[in-house]
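Engineer: Have a look at this prediction, sequence included:
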Amino acid sequence: MPEIAEVEHARRQCHKHCLSRKITSVETVPDELIFVNNTSDQFASILEGRTVVDTKRWGKYFILLFDQEPHLVAHFGMTGDIKFKHEKSKEEWPPRFWKTIITFGKAAGHQEGDEETIVMAFCDARRLGRLRLVFGDPLTSLPISKLGFDPLHNLPSIDDFFTMVIKRAVPVKALLLDQAFSAGVGNWIADEILYHSRLHPAQYSNSLTKKECETLREQMEEVCRIAVESEADESLLPANWLMTYRWNKGKGKGAGVLPNGHKLDFITVGGRTSAYAPSLQKLRGANPSKKTSSRKRSLKTEENEDDDTKDLKKTRKPRKTANDPTSTTGSSKIVKSTGNSIKVKRRSSTRLRGSSNS
């Protein structure tokens, strides 16, 4: 699942390429899951004519602010991404699994060498991403308003952070994944934070000392900041991070051994596979097991971080047919908005790796 680093990278790309540009046309593939509270036709019609004036991010959501409401709030789900036509070859466009393709006109203050138009696609193979049009301030409106603090925007003071942590009785890994606690932290970043904090993923939050909470808080900010500064490029991450060595449960680079000589192990905590170094991250008060589950609770982890992903269990992977817009063969129904009319036509259709189970 795209986490804070990947989403911030997407926001920066949008800011770089789309700022001060007016939307001239919008193509969409009908999808009742991706488009929230509007049909794909309505989405296309509403967006046409708006100009991007700013971009924002909170947790795993990124926002395009327009010169008039509503604004676009996007979430990648498990496999979502954005792609730009000028960065792809002709053979790669349109990209597979695209849900909307938005064309932006010439930017205000256009300079020589700037792209005349920018074409951006939102893609999602598993259809767990979401595109919303939100009135008012998106940061104080649903769904963002119900999220917890963002580690890079409003990290709580140590006293407040300590109180927030110890009042919960859950494994600390599950707490970090709870988007109502901290927005933007996902599976691999949570493991990275706990590794550098020297905390076992299954250690219960209400057993942490204030010193441990202080370290945890510091590492949340530092790990998220470094991950974001890497622009979601794994090769730019520090050599002493778990990220490069965790793949295939330690059977990849390093064969499960970190540069400092400590071995990796993997357990299930909060429903997610967790990578950790047992010799450095020791569990106090209980013997660790390969599967560690907490009591039944209403925790919203990254798999169930908002109302969007309640569709997860009941959404099946769509079958590809001749008319399936996500198929690479056949034709698909495309809704295109130009001006005030909506046309329907037929047409053919080494960033950070997801860590949903690694």
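Structural biologist: Sure, I can see it.

Engineer: Let me see the ranges of the strands in the stretch 51-200 of the chain.
Structural biologist: Ranges of strands within the stretch 51-200 of the chain are 52-58, 61-66, 71-75, 80-84, 98-104, 118-124, 130-134, based on DSSP state E, counting those that start in this stretch.

Engineer: right, and those - which one's nearest E112?
Structural biologist: strand 118-124 (16.2 Å; Cβ to Cβ). All C-beta spots, glycine's among them, are computed from the backbone N, C-alpha and C.

Engineer: Save the strands of the stretch 51-200 of the chain as a markdown table, and put in mean pLDDT and mean neighbour count too.
Structural biologist: What follows is the strands of the stretch 51-200 of the chain, written out as a markdown table (pLDDT from 0 to 100; neighbours: other Cβ atoms under 10 Å):
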| stretch | mean pLDDT | mean neighbour count |
| --- | --- | --- |
| strand 52-58 | 98 | 19 |
| strand 61-66 | 98 | 23 |
| strand 71-75 | 98 | 24 |
| strand 80-84 | 97 | 21 |
| strand 98-104 | 98 | 23 |
| strand 118-124 | 98 | 22 |
| strand 130-134 | 98 | 22 |
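
Engineer: could you redo these as JSON lines and give each row distance to T209?
Structural biologist: Shown next, in JSON lines, are those (distance: least, Cβ to Cβ, whole Å):
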{"stretch": "strand 52-58", "distance to T209": "30"}
{"stretch": "strand 61-66", "distance to T209": "33"}
{"stretch": "strand 71-75", "distance to T209": "35"}
{"stretch": "strand 80-84", "distance to T209": "39"}
{"stretch": "strand 98-104", "distance to T209": "47"}
{"stretch": "strand 118-124", "distance to T209": "42"}
{"stretch": "strand 130-134", "distance to T209": "39"}
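
Engineer: and of those, who's closest to Q13?
Structural biologist: strand 80-84 (6.8 Å).

Engineer: Tell me the strands beside that closest one, with direction?
Structural biologist: Using DSSP bridges, the strands paired with strand 80-84 are strand 118-124 (antiparallel).

Engineer: now the strand it pairs with, how far from the chain's geometric center?
Structural biologist: Here strand 118-124 is found 16 Å from its chain centre; the criterion is Cα atoms, centre = their mean, to the nearest Å.

Engineer: Compute the inter-axis angle for it and strand 71-75.
Structural biologist: 40 degrees (axes from the mean of the first three to the mean of the last three Cα atoms, to 10 degrees).

Engineer: outside of strand 118-124, which residues touch it?
Structural biologist: 14, 17-18, 21, 34, 74, 76-77, 79-86, 94-104, 129, 131 (Cβ atoms under 8 Å, 6 or more residues apart in numbering).

Engineer: what angle do it and strand 52-58 make?
Structural biologist: Going by the same axes, to 10 degrees, strand 118-124 makes 30 degrees with strand 52-58.

Engineer: Now do the same contact list for the closest residue to L216 other than its chain neighbours.
Structural biologist: Sequence neighbours aside, S197 is the residue nearest to L216 in space, at 4.8 Å (criterion: Cβ to Cβ, 6 or more residues apart in numbering). Going by Cβ under 8 Å, 6+ apart, S197 touches E212, T215, L216, Q219.

Engineer: With respect to D178, which of these is nearest?
Structural biologist: Distances from D178 to these, taken by Cβ to Cβ, are shortest for L216, at 14.0 Å.

Engineer: Next, the contact list for that closest one, please.
Structural biologist: L216 makes contact with F161, V165, V172, I193, L194, S197, L199, L208, according to Cβ under 8 Å, 6+ apart.

Engineer: That one: which element?
Structural biologist: Using DSSP states H and E, the element containing L216 is helix 210-229.

Engineer: Distance from that helix to the middle of the chain?
Structural biologist: 19 Å.

Engineer: tell me the angle of it relative to strand 52-58?
Structural biologist: 150 degrees.

Engineer: any idea which helix or strand comes after helix 210-229?
Structural biologist: strand 265-269.

Engineer: Mind giving me the packing neighbours of that following strand?
Structural biologist: In terms of contacts (3 or more Cβ pairs under 8 Å, 6 or more residues apart in numbering; DSSP states H and E), strand 265-269 is packed against strand 272-276, strand 291-292.

Engineer: Give me the nearest residue to A277, chain neighbours excluded.
Structural biologist: Using Cβ to Cβ, 6+ apart and skipping the chain neighbours, the partner closest in space to A277 is H262 (4.4 Å).

Engineer: hang on, isn't the one you found packed against L280?
Structural biologist: Yes: contact criterion Cβ atoms under 8 Å: H262 and L280 qualify, at 5.8 Å.

Engineer: where in the stretch 101-250 of the chain is pLDDT low?
Structural biologist: 250 (pLDDT under 70).
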